[in-house]
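Trainee: below is the sequence, then the predicted model.
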Amino acid sequence: MMQSDGVMSRFIPWYAELDVQAPTKEDEERTAELQAFIDDVAPLETKEQQRVRLTLLENLRDMLNAWVLNKLEEKHVIVELEEGELAGRVFVSGSYRLGVNTRGSDIDTICTIPMSLSREEFFSEEDGMVQLLRARPEVSYVNPVTGARVPIIEVVWNDIELDVLCAVINRPRVPQRPEDLLDDQILVGMDDVSQITLNGPRVTELISNLVPKAKPYKLVLRCVRYWAKQRGVYSNKIGFLGGVNWAILVAFVCQVYPAAAPSRLLTEFFELYKVWQWPTEIRLCHPYEVDGLNADQWEHRPGELMPIITPAYPCMNSSYTVSKYTLRIMTEEFVRGAKLCKNVRLPGPDSKGVAGTGSIWAPVFRRTEFFVRFGTYFVIKATAPTDDQLNRWSGWIEARTRKLLEELDRHAMEHVYPFPKKFSHADVAVPFDPNKKIKGTANDDEKEEENKNDEGKDKDKDNEDSTSTSKDSGAEPASYWYVGLKPHPINTVRHGPKVDLSMAAAAWIRLIKTWDGHEPGMDITTMLCKWKQLPDDPDLFPDGKEASKAEHQQIMARVKRENAWLRSTLLEANGSAADANVAEVTQGDGEDSSKVGMAETEAEAGAKAEAAAAVKEEVDGVKMETANGSKNGVVKTEVVKEEEEEGERRANVQRMQDLLGKRVREGQEAQAAKEAMKRAKTISGNNFFDLPKVEGINTRARISNFR
């Protein structure tokens, strides 16, 4: 897809090809199965739906153009336009521009206006675009968010969600084609907000030009986006990755495996990122400078854990929100995806899809186990008098969820997993009390509901602590978020059995309520919720909560064995197995505190080997099952071959990262020399980033292959 024009010639690829092997017949067969699967579970829009969206964008374009012409006439500004040229132009970015938008997805639009107009005029509710949008009968919802770093208008037009942004071009005429946005001179004299706004379509346009082949890229990106949503790791706001992040990661894999079929690209996507040594950054091209601009470009900064750098000037870290917890969760998901994709490549006699589909790819995209994985959940409830107020209030809370993770990080937590979706629970009973304060324990080392006597005790205790399990009918609108908690067993031993989160919750709520847009009636409540108190909502449990109970109990039993083994190991190492205070733990699902004598528990001694194996599997990665290999020498040979390929792949990735690190240092040295000499270099009228030759190596030359 790389264009050969002068604009694109400055974008030097930042990669080394790991493999240029042509697709095999098996790769093509697996690709056909992958295509059929994703078309079934996440279909693209029909031609009729595409036509509706295109008509919507044309109407928005005509409305913007008419508004710009009218405002220019009011100001007596004369601009000579060529035939067919627009005074105001609408550009799109994100999934719609990349051609991977699914049915019901929103559209990111950027309205460009000339220098004679201002952003304040655009967002005016009296004679601006906000007023015009509200006047249209097809528009059912308009919410201008002008206080954000980048102002935006949230719109629902013919049941299609739009995000409308504005960029003021420092020219009398606006760019007409998406390719015109790649001219960096368009940024000269532009304010910072407009530069950030225009960065969206510029990045999207560059990504589509920097991948070797468009068709494989789009298919793999569709799969990765669907996978990330299914696995609960799709949200830039709360610390996972969003659309542009996943688009860059997939594009990078396409660059290093330029000839691979989509089925192999998806496999290599998981294989590459499960071993990637963060915080080594992901880049699609070399950084470069632009005459007339002195924008700050990304450099390594402490605390940035998973830098994914945008290709357009000025390059930025698009994933600065990632935390150590969300990075760990995503890495675990990469490991899981790699294992399941390997099973697709080496299917055994027991390989099959999940219920409802016959696809061998279905297990890769299985829905997340979030709502059966934890015994304790930190629940956030937001309320407001109206739906419109709740939408604005919820947006503010979601954007500050990362701060909650920072507060929880002060405690002994092994896992803090924020689920990237809010729930209304409008038509289901909510068993926990919304007024309950945060106190008590959050511990996954628990007994489950199998014991009827314990169930009775829990029920009595719940009746004391909780006031209602009735439906919220007639109540004000509410939104709920869930954060899965798993205290670290070792820290639980060291610091005591109870984990009190009340201070963390109070500190975060104080921060939330400092919002300038806070209105009377907007409220927020936090609480701890046990698994059995989760609402039996189809959005949480598609097959019903009762059907998920057995899986939850299995996970909790495994967690208990692992925690008991880790605690007993630590106690034995410290010679303090008789310490009753340390041995005393509180069960995370709300059971009464009970003494667990580590040295006296026979079940733990029997489970020690099993727990050790489970811990080793979690630390070392997912193990290849070899039961069939003992019966079939061919399969066993294939497993050995796969392990050898895995080692070679890791070595190749390490070499690539070493080389990328060297390139970074060389580029920084060259840039420092240029600044010291106060000289700028222009080549053929275009401002390339001209990397020098260092030690006889031409860093601009194409690198073939490490093998």
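Mentor: Good, I have the coordinates. Quantities reported herein were computed from a predicted structural model and do not represent experimental measurements.

Trainee: show me the helices in the stretch 451-600 of the chain, by range?
Mentor: 452-465, 489-495, 502-512, 545-574, 580-583 (DSSP state H, counting those that start in this stretch).

Trainee: other SSEs contacting the fourth one?
Mentor: What that stands for is helix 545-574. helix 370-373, helix 489-495, helix 580-583, helix 602-620 (3 or more CB pairs under 8 Å, 6 or more residues apart in numbering; DSSP states H and E). C-beta: built from backbone N, CA, C; applies to glycine.

Trainee: pick out the shakiest of those, pLDDT-wise.
Mentor: Among the helices and strands packed on helix 545-574, helix 580-583 carries the lowest mean pLDDT, a mean of 38.

Trainee: separation between Ala66 and Ser502?
Mentor: Using CB to CB, to the nearest Å, we find Ala66 at a distance of 56 Å from Ser502.

Trainee: that should have said Phe334, apologies.
Mentor: Distance, Phe334 to Ser502, by CB to CB: 35 Å.

Trainee: same question, Ala247
Mentor: On the measure of CB to CB, Ala247 and Ser502 end up 41 Å apart.

Trainee: which one's more surrounded, those two?
Mentor: Taking other CB atoms under 10 Å, Ala247 and Ser502 do not tie; Ala247 has more neighbours (27 against 13).

Trainee: thinking that one is in contact with Gly99, fair?
Mentor: No - applying CB atoms under 8 Å as the test, Ala247 and Gly99 come out as separate, 11.3 Å apart.

Trainee: how many residues are close by the spatially closest residue to Gln297 that is not a sequence neighbour?
Mentor: Excluding the flanking residues, the one nearest Gln297 by CB to CB, 6 or more residues apart in numbering is Pro314, at 4.7 Å. Using other CB under 10 Å, Pro314 is surrounded by 19 other residues.

Trainee: kindly report the same for Ser140.
Mentor: 11.

Trainee: parallel or antiparallel, which strands does the helix or strand hosting it pair with?
Mentor: Under the criterion of DSSP states H and E, Ser140 resides in strand 139-145. As defined by DSSP bridges, the strand partners of strand 139-145 come to strand 152-157 (antiparallel).

Trainee: buried stuff in the partner strand?
Mentor: Ile152, Ile153, Glu154, Val155, Trp157 (16 or more other CB atoms under 10 Å).

Trainee: okay, now the unreliable bits of the chain?
Mentor: Applying pLDDT under 70 to the chain flags residues 1-13, 346-358, 433-475, 490-498, 570-571, 573-707.

Trainee: ok, now which ones touch Ser359?
Mentor: Ser359 makes contacts with Glu33, Ala36, Phe37, Asp40, Gly353, as judged by CB atoms under 8 Å, 6 or more residues apart in numbering.

Trainee: so it: helix, strand or coil?
Mentor: coil (DSSP: H, G, I helix; E, B strand; the rest coil).

Trainee: can you list contacts of the strand holding Ser140?
Mentor: With CB under 8 Å, 6+ apart as the test, strand 139-145 has contacts from 123, 125, 130, 133-134, 151-157, 159, 388, 391-392, 395.

Trainee: redo that, cut-off 6 Å
Mentor: For strand 139-145, the external contacting residues (CB atoms under 6 Å, 6 or more residues apart in numbering) are Phe123, Val130, Leu133, Arg134, Ile152, Ile153, Glu154, Val155, Val156, Trp157.

Trainee: same thing with stretch 85-101?
Mentor: Contacts of stretch 85-101 (CB under 6 Å, 6+ apart): 60-61, 64-65, 68-69, 107-113, 174, 200-201, 204, 218, 221-222, 243.

Trainee: what about that stretch, how long is it end to end?
Mentor: Terminal residues of stretch 85-101 are spaced 28 Å apart (CA to CA, to the nearest Å).

Trainee: then stretch 112-128?
Mentor: End residues of stretch 112-128 are separated by 14 Å (CA to CA).

Trainee: now swap in stretch 275-283 and tell me
Mentor: End-to-end distance of stretch 275-283 (CA to CA): 17 Å.

Trainee: ok, stretch 520-535 next?
Mentor: Its first and final residues considered, stretch 520-535 spans 28 Å by CA to CA.

Trainee: could you shift the numbering so residue one becomes 28, and keep it that way?
Mentor: That works, and once the first residue is 28, the last one we named lands at stretch 547-562.

Trainee: buried ones in that stretch?
Mentor: By neighbour count on 16+ other CB under 10 Å, the buried set for stretch 547-562 is 549-562.

Trainee: same list, these, but as TSV with distance to Ser290 please.
Mentor: Below are those laid out as TSV (distance: CB to CB, whole Å):
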residue	distance to Ser290
Met549	48
Asp550	50
Ile551	45
Thr552	47
Thr553	44
Met554	45
Leu555	44
Cys556	41
Lys557	42
Trp558	37
Lys559	41
Gln560	42
Leu561	37
Pro562	39
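
Trainee: quick check: the farthest pair among those?
Mentor: Met549 and Lys559 (30.4 Å; CB to CB).

Trainee: list the contacts for Asn344?
Mentor: Neighbour list for Asn344: Trp325, Glu331, Pro334 [criterion: CB under 6 Å, 6+ apart].
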